[in-house]
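**Student:** This is a predicted model, with the sequence first.
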Amino acid sequence: MLPKRRRGSGQATAVSQFRGGIIMGLGLALTEETLFDERTGRVMNPSLAEYHVPVHLDVPEIDVIWNDIPDPHSPLGLHGIREIALQGRGRCRGRRYNATGKRIRELPITLHKVMMARS
């Protein structure tokens, strides 16, 4: 389900939010990981400088297509945007399973985890 179309300057903001949500979902699924030291339990990458967070330039162009169906459960008939876009995490898992035949249940899905699942 896609959000209700926004008109004027709000539409550009909505498109950017939707794209940002998709990219955030991809980042959560594929790159972002908090690493802990097994001996001390301390976080080994405590800042955003320590791991890659994807941005718009890291992905191909994302076309956003709107519908004009109002949400019957919302007083204004509007849909949320970012929450819908974050569904990419599950889609990445499903596509990885379809490609490899193996389920990876921990995020992020890395090449190392795929190779370990295959063996």
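**Tutor:** Received, thanks.

**Student:** so Val15 sits in a strand?
**Tutor:** No - using DSSP: H, G, I helix; E, B strand; the rest coil, the secondary structure at Val15 is helix, not a strand.

**Student:** show me what contacts it?
**Tutor:** Counting by Cβ atoms under 8 Å, 6 or more residues apart in numbering, Val15 touches Val64. Just so you know, the C-beta spots here come from the backbone N, C-alpha and C atoms, and that holds for glycine as well.

**Student:** Let me know the helix or strand that the spatially most central residue of the chain is in.
**Tutor:** The residue lying closest to the centre of the chain (Cα atoms, centre = their mean) is Gly25, at 0.6 Å. In this assignment (DSSP states H and E), Gly25 forms part of helix 9-30.

**Student:** in the protein, which spans are helices?
**Tutor:** Taking DSSP state H to define them, one finds helices in the chain at 9-30, 82-85, 88-100, 111-118.

**Student:** Output the helix holding Gly25 as CSV, restricted to C-alpha atoms.
**Tutor:** Listed next in CSV are the C-alpha coordinates belonging to helix 9-30 (Å, rounded to 0.1, in the frame of the first residue of the first chain):
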residue,chain,number,x,y,z
SER,A,9,5.8,21.4,-1.9
GLY,A,10,4.6,18.6,0.4
GLN,A,11,4.9,16.1,-2.4
ALA,A,12,8.7,16.6,-2.8
THR,A,13,9.1,16.1,0.9
ALA,A,14,7.0,13.0,0.9
VAL,A,15,8.9,11.5,-2.0
SER,A,16,12.2,12.2,-0.2
GLN,A,17,10.9,10.6,3.0
PHE,A,18,9.7,7.5,1.2
ARG,A,19,13.1,7.1,-0.6
GLY,A,20,14.9,7.7,2.7
GLY,A,21,12.8,5.0,4.4
ILE,A,22,13.6,2.5,1.7
ILE,A,23,17.3,3.3,1.9
MET,A,24,17.1,3.0,5.7
GLY,A,25,15.5,-0.4,5.5
LEU,A,26,18.2,-1.6,3.1
GLY,A,27,20.9,-0.3,5.4
LEU,A,28,19.3,-2.1,8.4
ALA,A,29,19.1,-5.3,6.4
LEU,A,30,22.5,-5.3,4.7
